[in-house]
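1. curious how this folds, go ahead:
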Amino acid sequence: MKKGLALLLLSNLVLAQNLTKQDTLKGSNTAYRDFWDVKKYTISVEPNFEKKSLQGYNEISFEILKDTTTPTFQIDLQQPMDFRLVNDINDGFTVERTGDFIFIKSNKNYKKGEKGKLKIEFFGEPRIAKNAPWDGGWVFAQDSSGKPWMSVAQEGDGASLWLPIKDIWSDEPENGIQLKIITAEDLVGVGNGRLISTEKSNGKKAWTWEVKNPINAYSIVPTVGNLVNFKDHYLGEKGNLDLDYWVLAENLSKAKQQFQQVKPMLKALEFWFGPYPFYEDSYKIVETPYLGMEHQSNVAYGNHYENGYLGRDLSGTGVGLNWDFIIVHESGHEWFANNITAKDQADMWIHESFTSYSETLFTEKFMDKISADRYVQGTRRAILNDIPIIGAYGVRGKGSGDMYYKGANMLHTIRQVIGDDEKFRSILRGLNKDFYHQTVTTKQVEEYINAKSGMDFSSVFDQYLRTTKVPVLEYYFKKNKVYFRWQNTVEDFTMPLRFGDYTIVLLSDKWGKMKIKKNTQFEFNKNYYIHYKEVKGK
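-> Model (predicted):
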C-alpha cells in the first residue's frame, strides 16, 4: 500500500469514528433515495419578516428507477421546520419523522419508469444564519431605509434547512424548478431562472420564476427586498445572453457602474471554459444581505460595489484590486459547481479549485499573463496544508479549505507540465462539454484530464488532493550539471518539470542529473507549486 494512501485511510478511519447514522442519511444515496429520481420541484415560499418565519410547499415530481416493493421515500427537512404531507389519503402513504428526516412509506409497489408526486407543506421558524454565507441559515436583514431584506445561505447545510427536499448533490431535477415567492406588495421576490409571472392578491404579490435546466438543491434560493431591476445583454458563444440585475434601489447607480465588469468576465470565462451553461435561464446577479454565493442563474452579490474581496486583494499582490472578486469567482461557479457538480461534497474541490483558478484565467485575459502568474502565486499565502482536500465520502464530509487556492495552484502546476496552453484550454472546455449538466466524481475528472492530456497525473492528484505534503525539489550544482531529486512526496511521484529550455523527469527520491550550458543562469519556474531546497556540501 502506498504510504500517502495509508495516511489517508487512517485519517478517514479517525473521521469515521465520530460519524453517526444521521451523517450517513444526510450524505449517502441510501435505500430510501436510490430507487427514485427527482424530475422537477414546484415550490412556493412566503417569508414573514416580523415573525422570522416561512410557509409554503414543495411538490416533488419523481420517476421510479427500479421495480420496488412498498418503498420508503426519504425527504430531508431540518429542524425546527415543520411539515405536512398533502397527498390524498387514498395515495396510501404513512409518514414518520426522525430528526431532520421525513420517511414517507408507500403501501403500493412501483414499476421502473412509473411517475408520481409528493406534495409537502412546510412552515415554521428556520435556522437563522449567524455569519452568512459561512454558516447556513436564513438572513432577515433590513436595507438603509428599514425595509425587509431576506435571503438564505445554504451551500454547506443544504436547502433542507428550510425546504422539504431530496437533499443530495447527485440528484438534480432534470426538468428544473418553478419557484413562487410571495411578498408584500411593496417588495420584490427574486429566484433562479426567468420571471414568468407576477400576480397581486390580498395585499400581496407572487413572483414566479422558472428554471428549465437541471439545478442543484443548494442553488435554489429566494431573495426578497426593495429591489429594482435593470437589464443588458451579451453576445456570447451561443448567441444572445440576457443579463438580468436586481439590486437595492439605493444602490442602482453603483450597480450600473460596477456590473460593467460582467461582459469582460463572461468573454474571458467563455474563452477558457466554453459557452455559459444556462443561456435558456439567463444570467442574473441579485444583491443579497451577505457576501456572495454561486446560485445557478441567480448569483448572490454583497461585495459593496468594490473591487477585490470586500476591498482587499486575497493574493496580496495588488492584482486582485483590478476586478470585483464576487462577480468573477461566483460567476465562475456557473461552469464548475452548477454545470459540472460533484456527486458528493467530499469532492467539492471540483467546484472550488477550478473556480478559484478561474480568477487567474480571467486575469490573464483581462490584464496579461504576467499579472495572472503573480496573482496565482500570491494566493499560496492562504494555503494551510492542514488536512487533505478530499473529505470523507457519504456523510457530507467537506475537505480542507485548501480546495480553493491549493487546488488552483495544483491546476496551474498541471498546466505548466502539459506545456501547451491550447491543449490545457481544450481540456477545460471539454470538461464542460462532455459533462454538460452532469454530476461527477473525482475519479471521472482525474481520468478525463489524464486521457485528454496524454499524461498520467495520478500521482500528482494523490499528492495534492489526498495528502497535506508539498513536493520538495532538492538540487545541487556540480561542474556543468544540476542534480535533482524529489522529497516529501507520495510513492512513485512523477511530475516532469520545465525550466526554460530544460525538461527533467524524476522518480521520487532517486537523484537525476542534467547537463547545462556553461555560463548559463539556471532559473527555477515559480509557477510550479513546489518547494525548492538546495543541498549543501555535495
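2. what's the closest non-adjacent residue to Ala337?
-> Spatial nearest neighbour of Ala337, excluding adjacent residues (Cβ to Cβ, 6 or more residues apart in numbering): His351 at 3.8 Å. (C-beta placed from N, C-alpha, C; glycine too.)
3. quick check: mean pLDDT of whichever strand or helix holds that neighbour?
-> Following DSSP states H and E, one finds His351 within helix 349-366. Summarised as a single mean, pLDDT over helix 349-366 is 98.
4. likewise stretch 517-528?
-> For stretch 517-528, the per-residue pLDDT averages 83.
5. show me what it is in contact with.
-> Outside of stretch 517-528, the residues within contact range by Cβ atoms under 8 Å, 6 or more residues apart in numbering are 373, 376-377, 412-413, 415-416, 477, 480, 482, 497-500, 502, 516, 532.
6. sec struct for Tyr464, please.
-> helix (DSSP: H, G, I helix; E, B strand; the rest coil).
7. show me what contacts the residue nearest to it when sequence neighbours are not counted?
-> With Cβ to Cβ, 6+ apart as the criterion, Tyr464 has its nearest non-adjacent residue at 4.1 Å, and that residue is Met410. Contacts for Met410 (Cβ under 8 Å, 6+ apart) come out as Ser353, Val460, Phe461, Tyr464, Leu465, Tyr529.
8. rewinding a little: in contact with the residue nearest to Ala337, which residues are there?
-> Contact partners of His351, counting by Cβ under 8 Å, 6+ apart, are Glu294, His333, Phe336, Ala337, Thr341, Ala342, Met403.
9. and if we set it to 10 Å?
-> Residues counted as contacts of His351 (Cβ atoms under 10 Å, 6 or more residues apart in numbering) are 155, 169, 216, 294, 332-333, 335-338, 340-342, 345, 403-404, 407.
10. show only the entries of those found in helices.
-> Residues from those lying in helices, with DSSP state H as the criterion: Gly332, Gly407.
11. just the buried residues out of the contacts of His351, in ChimeraX syntax.
-> In ChimeraX, this line selects whichever of the contacts of His351 come out buried by 16 or more other Cβ atoms under 10 Å:
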select :155,169,216,294,332,333,335,336,337,338,340,341,342,345,403,404,407
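12. Val152 contacts Ala217, doesn't it?
-> No: using Cβ atoms under 10 Å, Val152 makes no contact with Ala217, being 12.0 Å away.
13. neighbour count for those two, which is higher?
-> Each of Val152 and Ala217 has its neighbours counted (other Cβ atoms under 10 Å); Val152 has more, 32 against 22.
14. doesn't the more buried one lie inside a strand?
-> Yes: counting by three-state DSSP, Val152 falls inside a strand.
15. look up the closest residue to it, ignoring the ones flanking it.
-> Trp138 (4.8 Å).
16. again, but for Ile414
-> Using Cβ to Cβ, 6+ apart and skipping the chain neighbours, the partner closest in space to Ile414 is Phe457 (6.1 Å).
17. likewise for Asp373?
-> Leaving aside its chain neighbours, Asp373 sits nearest to Asn527 (5.8 Å; criterion: Cβ to Cβ, 6+ apart).
18. just confirm Glu446 is within a strand.
-> No: Glu446: not assigned to a strand; according to three-state DSSP it is helix.
19. circling back to that earlier point, packing partners for whichever strand or helix holds the residue nearest to Val152?
-> Using DSSP H and E, Trp138 maps to strand 137-142. The elements that strand 137-142 packs onto, with contact taken as 3 or more Cβ pairs under 10 Å, 6 or more residues apart in numbering; DSSP states H and E, are strand 36-48, strand 53-64, strand 148-153, strand 223-225.
20. so which of the ones you listed gets nearest Gly320?
-> Distance to Gly320, taken as Cβ to Cβ, is lowest for strand 148-153 among these, at 23.1 Å.
21. quick one: the very next helix or strand once past that closest one to chain centroid distance?
-> Note on strand 148-153: by DSSP H and E, the next helix or strand toward the C-terminus is strand 177-184. Computed by Cα atoms, centre = their mean, to the nearest Å, the chain-centroid distance of strand 177-184 equals 24 Å.
22. same check on stretch 154-173?
-> Centroid displacement of stretch 154-173 relative to its chain, using Cα atoms, centre = their mean, is 14 Å.
23. quick one: end-to-end distance for it.
-> 18 Å (Cα to Cα, to the nearest Å).
24. quick one: contacts for the residue nearest to Tyr41 when sequence neighbours are not counted?
-> Once flanking residues are discounted, Tyr41 sits nearest to Ile177: 4.4 Å by Cβ to Cβ, 6+ apart. For Ile177, the contact set (Cβ under 10 Å, 6+ apart) comprises 38, 40-43, 58, 191-193, 209-215, 217, 219-220, 296.
25. narrow the residues you listed to just the buried residues.
-> Among the contacts of Ile177, those buried by neighbour count (16+ other Cβ under 10 Å) are 38, 40-43, 58, 191-193, 209-211, 213-215, 217, 219-220, 296.
26. can you list the domains in the chain?
-> Following automatic domain parsing, one finds the domains of the chain at 33-306, 340-466, 472-534.
27. now tell me what touches the helix or strand hosting Tyr532 from outside.
-> Following DSSP H and E, one finds Tyr532 within strand 531-534. The contact list for strand 531-534 (Cβ under 10 Å, 6+ apart) reads 470-477, 484, 487-488, 524-526.
28. that strand pairs with which strands?
-> Paired neighbours of strand 531-534 in the sheet (DSSP bridges): strand 472-478 (parallel).
29. in the strand it pairs with, what's buried?
-> For strand 472-478, by 16+ other Cβ under 10 Å, it's Leu473, Glu474, Tyr475, Tyr476.
30. any chance you could map the strands in the stretch 351-500 of the chain?
-> Using DSSP state E, counting those that start in this stretch, the strands found in the stretch 351-500 of the chain span residues 438-440, 472-478, 481-487, 497-499.
31. select, out of the ones you listed, the one closest to Asn229.
-> strand 438-440 (31.9 Å).
32. helix/strand/coil for the closest residue to Asn339 other than its chain neighbours?
-> Spatially, and ignoring its direct neighbours in sequence, Asn339 is nearest to Pro277 (3.7 Å; Cβ to Cβ, 6+ apart). Classification of Pro277 using three-state DSSP returns coil.
33. then Ile326?
-> Ile326 - assigned by three-state DSSP - is helix.
34. now do the one 3 residues further on
-> Under the three-state scheme (three-state DSSP), His329 adopts helix.
35. that one contacts Thr360, correct?
-> No: under the criterion of Cβ under 10 Å, His329 makes no contact with Thr360, lying 11.1 Å away.
36. which residues touch Val86?
-> Neighbour list for Val86: Tyr57, Asn58, Glu59, Lys117, Leu118, Lys119, Ile120, Glu121 [criterion: Cβ under 10 Å, 6+ apart].
37. mind putting those into CSV with distance to Gly225?
-> Formatted as CSV, these follow (distance: Cβ to Cβ, whole Å):
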residue, distance to Gly225
Tyr57, 23
Asn58, 23
Glu59, 26
Lys117, 32
Leu118, 31
Lys119, 28
Ile120, 27
Glu121, 25
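38. closest to Gln257 among those residues?
-> Taking Cβ to Cβ as the measure, Asn58 is the one of the contacts of Val86 closest to Gln257, at 38.5 Å.
39. any chance of JSON lines for the buried residues of strand 472-478, columns pLDDT and distance to Glu306?
-> Shown next, in JSON lines, are the buried residues of strand 472-478 (pLDDT from 0 to 100; distance: Cβ to Cβ, whole Å):
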{"residue": "Leu473", "pLDDT": "94", "distance to Glu306": "39"}
{"residue": "Glu474", "pLDDT": "94", "distance to Glu306": "43"}
{"residue": "Tyr475", "pLDDT": "91", "distance to Glu306": "43"}
{"residue": "Tyr476", "pLDDT": "91", "distance to Glu306": "48"}
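40. for those, could you give me a markdown table that also reports distance to Arg33?
-> Output for those, formatted as a markdown table (distance: Cβ to Cβ, whole Å):
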| residue | distance to Arg33 |
| --- | --- |
| Leu473 | 46 |
| Glu474 | 50 |
| Tyr475 | 52 |
| Tyr476 | 57 |
